[in-house]
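Enquirer: Please work out how this folds:
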Amino acid sequence: MEKLTVAHLVKSEDLNHHGTLFAGRMAEWFVEACFIQVAKITGNPESIVCLKLHGLQFRIPAKRGDIVEIETQLVRAGRTSLTVYGKSKAAGHTTNLADGFITFVCVNEAGEAIPHNLILDPPDNEQEANLRQEAERLKG
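Expert: Numbering: from 1, shown residues only. Coordinates of the predicted model:
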């Protein structure tokens, strides 16, 4: 499945009292990037709602002036749900700033879950297979 990357510049208003990127801002960007991935895949953004963030883990801080890139990919397609894995990096860092999974559900106008009719192709590599296994584990 195609990956999507969304970038943000860390500005002064994004910083916490330590002078690093506020975790809430990173979480906002993370949800937004994962939502964009699902919206592009389904072509129907108004039918998507966020169900759950699965263990968004912050690993290292970003600083003012960093360009944070959040790379997303669809890793699980249930009947009505879609789970996206996201990871973020900043220039000069080899370690992910944060990573985790988010599950979205497709709903009708009444807010009832509806099938999305998407089927994932088999994984392309071991890393993708591992992400899919983890997403399946998080389902329960």
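Enquirer: Give me the pLDDT value at the closest residue to Gln73 other than its chain neighbours.
Expert: Spatial nearest neighbour of Gln73, excluding adjacent residues (C-beta to C-beta, 6 or more residues apart in numbering): Lys3 at 4.6 Å. In this view, the C-beta of every residue, glycine as well, is placed from N, C-alpha and C. Looking at Lys3, its pLDDT reads 93.
Enquirer: residues in contact with Lys3?
Expert: 71-73 (C-beta atoms under 8 Å, 6 or more residues apart in numbering).
Enquirer: Let me see the backbone angles for it.
Expert: Main-chain torsions, Lys3, degrees, to the nearest 10: phi -90, psi 160.
Enquirer: ok, now Ala90?
Expert: The phi/psi pair for Ala90 (degrees, to the nearest 10) reads phi -130, psi 150.
Enquirer: To what extent is the residue lying closest to it once chain neighbours are set aside buried, counted in neighbours?
Expert: Residue nearest to Ala90 in three dimensions, not counting chain neighbours: Asp66, with 4.1 Å by C-beta to C-beta, 6+ apart. For Asp66, the count of nearby residues is 20 (other C-beta atoms under 10 Å).
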